[in-house]
Structures are given as C-alpha cells and as structure tokens.
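S.K.: the sequence isn't on hand, but the structure is:
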C-alpha cells in the first residue's frame, strides 16, 4: 500500500456500499442501522465480546436483534454497526484482501447478528457457501 491510509469516512462509505449488496428479503430489514467508524474498540466493548486485545476486533453489532424485537419495545437506541479502523487496516495489509471485500465481510457478519444469528451459525453458513 502506498499513500495515506483510508480514512474513517472511506470505511463508512464502503460499509454503506456493502448494505446495497445485501439481497431481499434481508435488505428491507436494515433501515435504521447506523454505521460508526472508530479507531479501536473501547475496554467495555472488548470485555462484552470476551477479548483482551483491541487489534482482534474489527467490528461489532450493538442493538436488539430482530428475534428479540417487539412492538412493545421502546426507548432503546437504534442498532449500530461499529467498525474499528485500525484493526481493519491491519487485516487488510496482512491478508492482501481487497479493502471493500474485507469491510463487506465484516458488515455482513454484523448484519447476521441483527437477524439473531450466532457466530457459530454464521460460520456454518459461510462454510456451506
């Protein structure tokens, strides 16, 4: 890689582009999911996902998954996918995977959590694909 590292705005744009690739019927259930790009996950987020090293977390979904939503639910924040710029850039440099493909992979994984899928279920689906 030569030149300056991609900015948070570039990663956010790639994440929004990834949303456009998600097919129906899933796409219609993505309204309201926000995307935030931060440099690293904070300590509370790392603790919540059982990690000690901020370099190990490239993204996280925060919010109620659709299987837990209810018409009676109110007063909680809209769902958000948080992407962590530094770990994403490190993985991009280490693996040679195109940055847009890497961001798409992370976004789709986090969208899976929005639909209530566990990490194990998503890995099984990826293995079948």
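M.R.: Yep, it's here. Here the structure is a predicted model, which is why all the values come from computation and not from measurement. Numbering: from 1, shown residues only.
S.K.: any stretches of this structure with poor pLDDT?
M.R.: Within the chain, the ranges that satisfy pLDDT under 70 run 1-2, 65-76, 125-129.
S.K.: going along the chain, name the helices of it.
M.R.: 8-20, 43-49, 85-95, 99-114, 119-128 (DSSP state H).
S.K.: go through the fourth one and flag the buried ones.
M.R.: Of the residues in helix 99-114, those buried by neighbour count under the rule 16 or more other CB atoms under 10 Å are 99-100, 102-114. For glycine as for every other residue, the C-beta is placed from the backbone atoms N, C-alpha and C.
S.K.: just stretch 11-20 next, same as before
M.R.: Buried, per 16+ other CB under 10 Å, within stretch 11-20: 11, 12, 13, 14, 15, 18, 19.
S.K.: the closest residue to residue 79 other than its chain neighbours and residue 88, how far apart?
M.R.: Computed as CB to CB, 6 or more residues apart in numbering, the closest residue to residue 79 that is not its neighbour in sequence is residue 63, at 2.8 Å. For residue 63, the distance to residue 88 (CB to CB, to the nearest Å) stands at 20 Å.
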